[in-house]
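Peer 1: Compute the structure for the input listed below.
(chains A and B)
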Amino acid sequence: MPELAAEVERLSLVVEVGGLPVRVNTADPVFLGMLQDRYTGFVGNSEQAEIDFEVELVPPGFSDPDTDVRVTHLQGRWLLRRNDFIAEWDPATGKGWIRQTANPYSIDSVLRIVHTLVLAREGGFLLHSASGVRNGKAFLLAGVSGAGKTTISRLAPPDVTLLTDEISYVRNLEQGYFAFGTPFAGELAKLGKNVSAPIAALYLLAKGRENRIDPVAPGEAARSLLANMLFFAEDEHLVQGAFHSAFEFVSRVPVSRLTFVPDARVWELIG
Amino acid sequence: MSHLFVARSPGVAARCLDGEMMIMSGRDSTLFTLNKTATILWQAADGNTPLEEIVEQKICAEFEVEPAEALQDAENLARELASHEILQISEEPIPQPNSTTPPGGLR
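Peer 2: Coordinates of the predicted model:
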């Protein structure tokens, strides 16, 4: 007697960023291969993933093309929506699902959002900044698009281990603030190195006619940090938490303005 | 004559850093930086003290300004902050939840 329904084989990949293993399950081997390429260097082998996503691949045009990103909290679950994905995640069980087309960008955005939610609980955050490790210490180079994150990353000398040229991963650990490498690349299109180091300084990038470092008043430091933090959740408590995390960070990590001309000598000031 | 009462909205986060008060709306993440007068008003907005008393005791004591003019400015300011939902205004005292944290350090 023929089987009425065949069980679909689920394929899995664990993507580990910032020490948080996220398992992605899919039935599509091509999509899995796409993810393996996308997250090279960040593929974990942990059997104990803290977060588990079932990915359902759907044809293009499944959602409203005008939907901006929205992250809302309802009955203990996070609902994530954009024009190219819908996802749900239950922090209590760690389980969730993602509905998207077969592309690596949608799931990348879902992962970024989920990481911001997890980090917010411990006083960490994702930041629009390049970051690198030099002499065992991490340096964050923050700025909006066009501020020079990719430029300064491209100019990094060989003794600098680049963590990212676009999105820095900041955790608030017992030993202090640490920066972690991320696969969240910008224009450099090069994944960061999957390592971490204690954060020694945050520089606010500005292009100028000379290389120099200037002090930044605490209020301006906090404002700039908040302006560069990635935060999506429409949740009063998490917003308040992120606000206080920014102030906590600037009270413990030196923040300066780094004005630079686009040549490699700027790195003589860093580290 | 009716009094106006002002109270800090519960859905915001606030910090004072080097005398500069910053407030973030929990509703839409908008960040506000208050000037010195607005900071005084914000810190004194306990829901029980009438605005005219805040103006007389806190603002006129700090700045050389006519009380009537200061009160008008403070009312305008209070209504503007209320329009952003970071301050509550009412013609009756505004009950506040019990809190042990001081203004500017609302954790």
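Peer 1: List phi and psi for A:F42.
Peer 2: Listed backbone geometry of A:F42 is phi -120, psi 10, with angles given as degrees, to the nearest 10.
Peer 1: Could you find the closest non-adjacent residue to whatever residue of chain B ends up closest to chain A?
Peer 2: Proximity of chain B to chain A (Cβ to the nearest Cβ) peaks at B:G26, 3.5 Å away. Bear in mind the C-beta positions are built from the backbone N, C-alpha and C, glycine included. Closest residue to B:G26 apart from its sequence neighbours, by Cβ to Cβ, 6 or more residues apart in numbering or on different chains: A:E236 at 3.5 Å.
Peer 1: Could you report the neighbour count for the one you found?
Peer 2: 18 (other Cβ atoms under 10 Å in any protein chain shown).
Peer 1: who touches it in this structure?
Peer 2: B:11, B:26-27 (Cβ atoms under 8 Å, 6 or more residues apart in numbering or on different chains).
Peer 1: Please indicate which of the residues you listed has the highest neighbour count?
Peer 2: Within the contacts of A:E236, neighbour counts (other Cβ under 10 Å) peak at B:G26, which reaches 23 neighbours.
Peer 1: If you drop the residues flanking it in sequence, what lies closest to B:M24?
Peer 2: Nearest residue to B:M24 in three dimensions, chain neighbours excluded: A:F243, at 4.3 Å (Cβ to Cβ, 6+ apart).
Peer 1: distance of A:D37 from A:A222?
Peer 2: From A:D37 across to A:A222, the span is 39 Å (Cβ to Cβ, to the nearest Å).
Peer 1: the more surrounded of those two?
Peer 2: Higher neighbour count among A:D37 and A:A222: A:A222, with 25 against 9, using other Cβ under 10 Å.
Peer 1: wait, the more buried one sits on B:L17?
Peer 2: Yes. With contact defined as Cβ atoms under 8 Å, A:A222 reaches B:L17; the gap is 6.2 Å.
Peer 1: Mind listing the shared neighbours of the two?
Peer 2: Common contacts of A:A222 and B:L17 (Cβ under 8 Å, 6+ apart): A:F247.
Peer 1: before we move on, back to that, wait, doesn't the residue of chain B closest to chain A sit right on B:G11?
Peer 2: Yes. Counting by Cβ under 8 Å, B:G11 is a contact partner of B:G26 at 4.2 Å.
Peer 1: which parts of the stretch 101-250 of chain A sit against chain B?
Peer 2: Within reach of chain B by Cβ under 8 Å from any Cβ of the partner chain, the stretch 101-250 of chain A has these residues: A:217-219, A:222-223, A:226-227, A:231, A:236-237, A:239-240, A:243-244, A:247.
Peer 1: right, and out of these, which lies closest to A:R23?
Peer 2: Ranked by distance to A:R23 (Cβ to Cβ), these are led by A:F231 at 24.8 Å.
Peer 1: which helix is the longest one in chain B?
Peer 2: Longest helix of chain B, by residue count under DSSP state H: helix B:67-83.
Peer 1: Many thanks, I have nothing further to ask.
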